[in-house]
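Visitor: following is a predicted model, sequence given first.
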Amino acid sequence: MRLSHRDPVPESLRGAIVALGNFDGFHRGHQHVVSEAVEWAKSEGRPAIVATFDPHPVRHFAPHVPPFRLTRLDQREELFTEAGAAAMLVFEFGDALASMEAESFVRDLLGSHIGAAGVVTGEDFTFGKGRGGNTQVLREVGADCGIQARAIGPVGDGGQVISSSRIRDALKAGECDTATSLLSRPFTVRGEVIHGDKRGRELGYPTANIDMGQYLRPRFGIYAVRGKILSTGQGLTGAANLGVRPQFDPPKELLEPHFFDFSGDLYGEVLDVEFHHFLRPEAKFDDLDALIAQMGVDCTKARTLLA
């Protein structure tokens, strides 16, 4: 179930334990926070709600920054449900939330409006106008309105804290294995297949073209990928180009997976595309024959890696 912070919370979900954070990517550190909330809720016979912010507050305060999202809202909803949440609550971030004092956020939103009995956050979570709220404010103000608060320490990996920033850095470097380890699953782009200029089909490698939207851009280049057609659940394997296709003018940024042993119409279908292995950077070739030959090499390598 998806809730908006603007709407009344159903009576059956009042008194919930709320996991509160951005949770973009829902990496292993985020999972630890949500797991604490779910277990706490179970122990007291309460529902668990995962609350997230959308758009991301950074997008509100700095709309000029390049796309950086690791998950879409619908992906987060699925992940939260799998983790045991009864509902996802979306704080729709705009001027009103940006200007709300931290005490009011706890007392009026978490308390009166949502009816939270408990809140779990990461230790570094901040909120409210000017980021004036932290876990101490949450505990102190919460205590006055019947909300218990718990703060969860960071989760480490390889001597470093797991963070969305580390995952973004790994993807921008083409380090799929690192990103997969920190996320606990491959970085996955979800998008609708749109019509392109049919270049891939002309070259003998038809592609399913997807606009990257607000997703972070991993390193441009060729990847071994797995796909899934959401309407049918059919799994696919392939090689994908992510970038601006330097062989062709004008440059056009797209994710273009070519799926092996698949023949069918994917236009209008929504696909999940998982990034498993970075094969090589984008390149411009002397001619189309050289490009086609390299595409054959890429596909063979992708098949081997995904086998």
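Guide: Perfect, I can see it now.

Visitor: for the most centrally placed residue in the chain, pull up the helix or strand it's in.
Guide: Relative to the mean C-alpha position of the chain, the nearest C-alpha, by C-alpha atoms, centre = their mean, is the one of residue 71, at 1.5 Å. Using DSSP states H and E, no element contains residue 71; it sits outside every helix and strand.

Visitor: show me the beta-bridge partners of the closest residue to residue 121 other than its chain neighbours.
Guide: Among residues not flanking residue 121 along the chain, residue 20 sits closest, at 5.0 Å (C-beta to C-beta, 6 or more residues apart in numbering). For the C-beta atoms, the positions are set from N, CA and C on the backbone; glycine is no exception. Judged by DSSP bridges, the bridge partners of residue 20 are residue 51.

Visitor: pretty sure residue 20 sits against residue 120.
Guide: Yes. The criterion here is C-beta atoms under 8 Å, and residue 20 meets it with residue 120 at 7.0 Å.

Visitor: got a list of what residue 127 touches?
Guide: Under the criterion of C-beta atoms under 8 Å, 6 or more residues apart in numbering, the contact list for residue 127 reads 20, 102, 105, 133-134, 138.

Visitor: rerun that using 7 Å as the cut-off
Guide: For residue 127, the set of contacting residues under the criterion of C-beta atoms under 7 Å, 6 or more residues apart in numbering consists of 102, 105, 133.

Visitor: ok, longest helix in this structure?
Guide: With DSSP state H setting the assignment, residue counts place helix 288-306 as the longest helix in the chain.

Visitor: now that one, how far from the centre of its chain.
Guide: Between the centre of helix 288-306 and the centre of its host chain there is 29 Å, according to C-alpha atoms, centre = their mean, to the nearest Å.

Visitor: residue 138: which element?
Guide: Secondary structure here is read from DSSP H and E; on that basis residue 138 sits in helix 135-144.

Visitor: return the set of buried residues in that helix.
Guide: Applying a neighbour-count criterion of 16 or more other C-beta atoms under 10 Å, one finds 135, 137-139, 141-142 buried in helix 135-144.

Visitor: can you check stretch 148-162 too?
Guide: Of the residues in stretch 148-162, those scored as buried under the neighbour-count criterion (16+ other C-beta under 10 Å) are 149-152, 155, 157, 162.

Visitor: contact partners of that stretch?
Guide: Identification of contacts with stretch 148-162 by C-beta under 7 Å, 6+ apart yields 27-29, 32-33, 36, 117-123, 135, 138-139, 142, 166, 181-182.

Visitor: among these, which are in helices?
Guide: Using DSSP H, the subset of the contacts of stretch 148-162 located in helices is 28-29, 32-33, 36, 135, 138-139, 142, 166, 181-182.

Visitor: can you list the low-confidence ranges for the stretch 151-300 of the chain?
Guide: Applying pLDDT under 70 to the stretch 151-300 of the chain flags residues 197-202, 246-249.

Visitor: show me what the longest helix of the chain packs onto, helices and strands only.
Guide: When contacts are defined as 3 or more C-beta pairs under 7 Å, 6 or more residues apart in numbering; DSSP states H and E, helix 288-306 packs onto helix 199-203, strand 221-229, strand 235-243, strand 270-281.

Visitor: the longest one packs against which elements?
Guide: Of the remaining helices and strands, those touching strand 270-281 by 3+ C-beta pairs under 7 Å, 6+ apart are helix 176-183, strand 188-194, strand 221-229, helix 288-306.
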